[in-house]
Structures are given as C-alpha cells and as structure tokens.
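Give me coordinates for this.
(one chain, ligands or ions: 2)
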Amino acid sequence: MARKIIIDTDPGQDDAVAILLALASDELEILGITAVAGNVPLDLTSKNARIVCELAGRSDVKVFAGCDRPMGRDLVTAEHVHGKTGLDGIELPDPVMQMADGHGVDFIIDTLRAQPAGSVTLCPLGPLTNIGTAFQRAPDIVGKVQGIVLMGGAYFEVGNITPAAEFNIYVDPEAADIVFKSGVPLVVMPLDVTHKALTTRERVERFRKINRVGEAVASWTEFFERFDKEKYGSEGAPLHDPTVIAYLLKPELFSGRHINVEIETQSPLTRGMTVADWWRVTGRAPNAMFIGDLDADGFFGLLADRIARL
Ligand code: RIB
Ligand code: CA
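Ligands and ions are numbered 1, 2, ... in the order given. Reported below is the predicted structural model:
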C-alpha cells in the first residue's frame, strides 16, 4: 500500500527536485501539493509547482495555493538564491493545468479529517505557514497526522539566511513553533544533513545524461548552486528538500538523534533559530528526530534512479 503524503512547498529548484522524486516513486501516493509563500511569492510558488508536475507528465496532481504570507510577519523571499522566477536555470512552458479549487490550508484540514487517523504524512519543504495555520484553525487534525518530515533548521550549521537561522524556519517562526510543539512525530532535515548532500559536477552531469527531466534538474542545479558555491566555497550546493522525500523512501540512508528542538520567536537577533538540544543538556522532552548525516552517494543514486523513471 502506497504511503499517503501531502507535499507543502515553495518551489524553488530544490523543492522541484523533491517533487519530481516523489512523483517518480510508486511507494508514495501524493494526495495533493500545497504551495506556500517562501523562496518567491505565492503566485510563483503555485505556478512553479504546476510547472514541475507537468514536466513529470503529472497534470493529474492537485496543486492548491496556500498562505501568501507568514502567520505574523512580513514575507521574506530568496530570489537572490533561486532567481526571479524561483525556477531560474531553464526556460519551461507556463503551466496549462489549473490550480485546484480551494485554499491549501482547507485542503490539509479536509484531507486529514477525511483520511483514516495515522495514514497521512505531511512533507513541508518551505516555511511552515500552511501547516501551522491548519493546526491552529483545526486542532482536531493534529492527532490524525501520521508524522511530519520537514526540511528546516540547523544545529552545527546554525543558519543560512541569518547567522542564527535557516530560511524555512526564519520566514515563519510562529508557524514553526506551533508545529514543533504540536506533539506530531517529527523528522527534521536541517542544514547539518543537507550541507552533506552537495551537487558535485559528477552528480550533476549524471543527471543531465538521464533524460529531459534530468537535463532540467541539472540546469536548475547549476543555477541554484552558484550562490552556495560562492558563499561557502563548496564543491556544489546543498540539495536541501529532496532529503525529505528520500527519507520516506530509504530512511536507512540517514542518521540522527531524537532530541528536543525549540524555536526562537522573540529575539530579533536570533529569530527562527532552532535551539536543538543535540547533547541533551536541558532535560526537555525529545520532540524531533533531528537528522545529522546521510549516505550522500546513496542519496544521489536514488535520485538518479527515480529521475530515470520519468
Ligand atoms: O534553507 C533551505 C530551504 O529554504 C529550502 O527548503 C529551500 O527551498 C528554501 O525554501
Ligand atoms: Ca523549499
């Protein structure tokens, strides 16, 4: 039986690769994709999600527009990383498929109410605004969620949008606070693991040779990685969001610790910091499986194998 998931996303080239990985994997049943404002504004993230579905030949997938701004803050975007469109790197046709009717938050609420308890996994790849809003508006759904596997936060890597915070958590710390305090089983893919999933030249060229989807992935990667290579002097960029989907498919590729993680929402200096008790010094109850490492070759091999199916 395929695992039922909802992907909540702010495409973003790395989100796009994560969506493609999910679409290529029969182990997963995508109940719907909910777009959220993040890397670029909502009108673009909701358009980009449809572009990716059509690239994979999956215009049957429902794509909903969710929240266009954080729960209690002004929107912060990341065009400096992802480009003006959010999918810079290759020209793809505008989507023909329409947006699904209804708001993304209502889709999350209605789906969790309709599906058997414990049967749906939420996969947030951007700011947690849609998830936090759904939990706040419909507390009854919290206990029905099988689990949340999200990309966000950091411990040793600390921050990428500020010295203290990772982008997804920084953009909407109030939503993240709701999610991390919800009691839903969490698996967190922080920068600590995503910065070990680097798009080296060899890995990118392997994608390019696969098929037209692989070519798009290689072109997106080449655009997306320029920022991180310049900033970190690394050989390639961290491929953040596909780690979420890869965890669902092959959890054995990853390792981490079940620890307490809390979100800074008060301090302007450290807003959005994930205060991860990696060394378990606080005595606070663990609430997240915080992933610190992965088999990078295994991860990229999985990606290549699945892209070849599209
Ligand atoms: O900090 C990395 C995260 O922020 C990724 O999800 C990327 O897509 C951006 O949303
Ligand atoms: Ca993202």
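
What residues does this structure have near ligand 2?
By C-beta under 5 Å from the ion, the residues of the chain that approach ligand 2 are 10, 12, 15, 125, 126, 241. Heads up, the C-betas are built off the backbone N, CA and C, glycines and all.

These also near ligand 1: which ones?
For ligand 1, the contacts drawn from the residues of the chain next to ligand 2 by C-beta under 6 Å from any ligand atom are 10, 12, 15, 125, 126, 241.

can you pick the most crowded of those?
Taking other C-beta atoms under 10 Å as the neighbour criterion, residue 10 ranks highest of these with 34 neighbours.

pretty sure that residue is in contact with residue 41, am I right?
No: look at residue 10 against residue 41 with C-beta atoms under 8 Å: they stay out of range, at 9.4 Å.

still on that earlier bit, for residue 157, state which of the residues of the chain next to ligand 2 is nearest.
Lowest distance from residue 157 to the residues of the chain next to ligand 2 (C-beta to C-beta) belongs to residue 241, with 15.6 Å.

where does residue 148 land in three-state SS?
Here residue 148 is strand, with the state taken from DSSP: H, G, I helix; E, B strand; the rest coil.

what's the neighbour count on residue 233?
The criterion is other C-beta under 10 Å. On that basis, residue 233 has 7 neighbouring residues.

Am I right that residue 7 sits in a helix?
No: according to three-state DSSP, residue 7 belongs to no helix; its state is strand.

then the helix or strand harbouring residue 29 to CSV, C-alphas only?
Taking DSSP states H and E as the definition, one finds residue 29 inside strand 28-35. The C-alpha trace of strand 28-35 is given here as CSV (Å, rounded to 0.1, in the frame of the first residue of the first chain):
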residue,chain,number,x,y,z
LEU,A,28,4.2,7.3,-2.4
GLU,A,29,0.6,8.5,-3.1
ILE,A,30,0.6,12.3,-3.4
LEU,A,31,-2.8,13.3,-2.1
GLY,A,32,-2.1,16.9,-3.1
ILE,A,33,0.5,19.6,-3.3
THR,A,34,0.0,22.8,-1.3
ALA,A,35,2.0,25.9,-2.3
